[in-house]
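Participant: quick one: sequence plus predicted model below, questions after.
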Amino acid sequence: MGAYALPLGAVLIWSINTVVSKLAADSISAAEIGFFRWLVAAVLFTPFLLPSIWRQRADIKPQLPKIIALGVLGMVIYQTMAYYAAHYTTATHMGIIGSLTPMLVLALATVMLGQQLTRGAIWGSLLAIAGVALVVSSGKPAQLLSEGLNLGDAMMFLAMLSYAVYNILLKRWPMPRLSTLQLLYLQILVAVVVQLPLYLISPKTGLNASNLPLVGFAGIMASIAAPLLWMKAVQSIGPGRSSMFFNLIPIFTAIMAYGVLQEPLAGYHAIGGVMTVGGLLLAELWKQPLRTPRTSIAQA
């Protein structure tokens, strides 16, 4: 049971950070908080981890392309797109779209890891997608077909797709010579370097009393604690089981958005959320293969 506390802790922090992202949209630019959060994490980590990284530089050099890819996907694209999405959509929408990650991981695992496709994955995907469509269309799915996603919802979907790819690659690219903490630190350094040009060319709000706590939470809890918990969870129980904890994000986020942001909750939020979570659970629990092996048919 202890291993399952890892992804649970991570998704709780990320749910809070979704609300923080929405609060930050009114007090600091997306480029600024996206850069400062990783800078804070890098500064805190460097005294403890840089010496060991330097000693292992010969081991790290051949892994650099993979480390850069992981940092860009999991730290830069995922987090930055979420900050920009917060300017155009609600925290509740962000949480429900975020819960699609397990389905995206299942789909990618089938293609990239050779994981067997199940009936639950197919029917669960359809149910989850229908639930998300109900929410992002404000209860009018037909309108979604004619008008498409709003900009914020589309950005959030791309963010979660990036994070799903990150999860698969994290499992596919084991780096046994590096500890989980070292791998996280290296990805944070990638994020600082990649985010710097966007920060430099973007309009500046500056740090102040209203946004400093938000940057602090993003830099410590969302940038250090949550990724560390998540990476340990993926390594311990695998990307599939870990990603199922994303089911809790829409629930946690909707409750906090209602209490902190006073975002209204409508019937379609509840129905769409239940459909999404139900689809994800169906995919996890219904393990019957899509195709019965020929040997099994012959024996029957």
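Facilitator: Nice, I can see it.
Participant: count of neighbours near Gln262?
Facilitator: 7 (other CB atoms under 10 Å). The way it works is simple: take the backbone N, C-alpha and C, and place the C-beta from them, glycine included.
Participant: what separates it from Leu23, distance-wise?
Facilitator: 12 Å (CB to CB, to the nearest Å).
Participant: before we move on, what about Val43?
Facilitator: From Val43 over to Leu23 the distance is 23 Å, taken as CB to CB.
Participant: okay, the two: which has more neighbours?
Facilitator: Leu23 (19 against 12).
Participant: can you give the contact residues for the helix or strand where Val20 lies?
Facilitator: According to DSSP states H and E, Val20 maps onto helix 5-24. Residues outside helix 5-24 that contact it (CB atoms under 8 Å, 6 or more residues apart in numbering) are 30, 33, 82-83, 85-86, 90-91, 94-95, 98, 211, 214-215, 217-218, 221-222, 225-227, 229-230, 232-233, 236-237, 241-242, 245-246, 248-249, 252-253, 256-257, 260-261.
Participant: ok, now stretch 98-108?
Facilitator: 14, 18, 115, 121, 124-125, 128-129, 132, 156-157, 160-161, 163-165, 167-168, 239-240, 243-244, 246-247, 249-250, 253, 273, 276-277, 279-280, 283-284.
Participant: list the buried ones in it?
Facilitator: Gly98, Ser99, Leu100, Thr101, Pro102, Met103, Leu104, Val105, Leu106, Ala107, Leu108 (16 or more other CB atoms under 10 Å).
Participant: how far away from the center of its chain is it?
Facilitator: For stretch 98-108, the separation from the chain centroid amounts to 10 Å (computed by CA atoms, centre = their mean, to the nearest Å).
Participant: which elements pack onto whatever helix or strand Val192 lives in?
Facilitator: Taking DSSP H and E as the criterion, Val192 maps to helix 180-201. Applying 3 or more CB pairs under 8 Å, 6 or more residues apart in numbering; DSSP states H and E, we find helix 180-201 packed against helix 30-55, helix 64-71, helix 78-85, helix 226-243.
Participant: let's see that with 6 Å instead.
Facilitator: helix 30-55, helix 64-71, helix 226-243 (3 or more CB pairs under 6 Å, 6 or more residues apart in numbering; DSSP states H and E).
Participant: in the stretch 51-200 of the chain, where is pLDDT below threshold?
Facilitator: 113-115, 117, 136, 143-149 (pLDDT under 70).
Participant: how far away is Pro213 from Leu70?
Facilitator: According to CB to CB, Pro213 and Leu70 sit 29 Å apart.
Participant: please disregard the earlier target; I meant Thr92.
Facilitator: 29 Å.
Participant: those two - which one has more neighbours?
Facilitator: Using other CB under 10 Å, the more surrounded residue of Thr92 and Leu70 is Thr92, with 27 against 23.
Participant: next, the contact list for the more buried one, please.
Facilitator: Ala254, Ala257, Glu263 (CB atoms under 6 Å, 6 or more residues apart in numbering).
Participant: got the phi and psi for the last one?
Facilitator: Main-chain torsions, Glu263, degrees, to the nearest 10: phi -70, psi 130.
Participant: and the contacts of Thr92, which is closest to Leu39?
Facilitator: Using CB to CB, Ala257 is the member of these that sits closest to Leu39, with 27.2 Å.
Participant: isn't that closest one right up against Pro264?
Facilitator: No - the pair Ala257 / Pro264 is not scored as a contact, 9.6 Å apart, by CB atoms under 6 Å.
Participant: of the two, which one has the most company?
Facilitator: Ala257 (24 against 10).
Participant: next, format the buried residues of stretch 98-108 as TSV and append distance to Gly206.
Facilitator: What follows is the buried residues of stretch 98-108, written out as TSV (distance: CB to CB, whole Å):
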residue	distance to Gly206
Gly98	29
Ser99	34
Leu100	35
Thr101	33
Pro102	38
Met103	40
Leu104	36
Val105	38
Leu106	43
Ala107	42
Leu108	39
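Participant: let's see which of these end up in helices.
Facilitator: Secondary structure from DSSP state H places Gly98, Thr101, Pro102, Met103, Leu104, Val105, Leu106, Ala107, Leu108 of these in helices.
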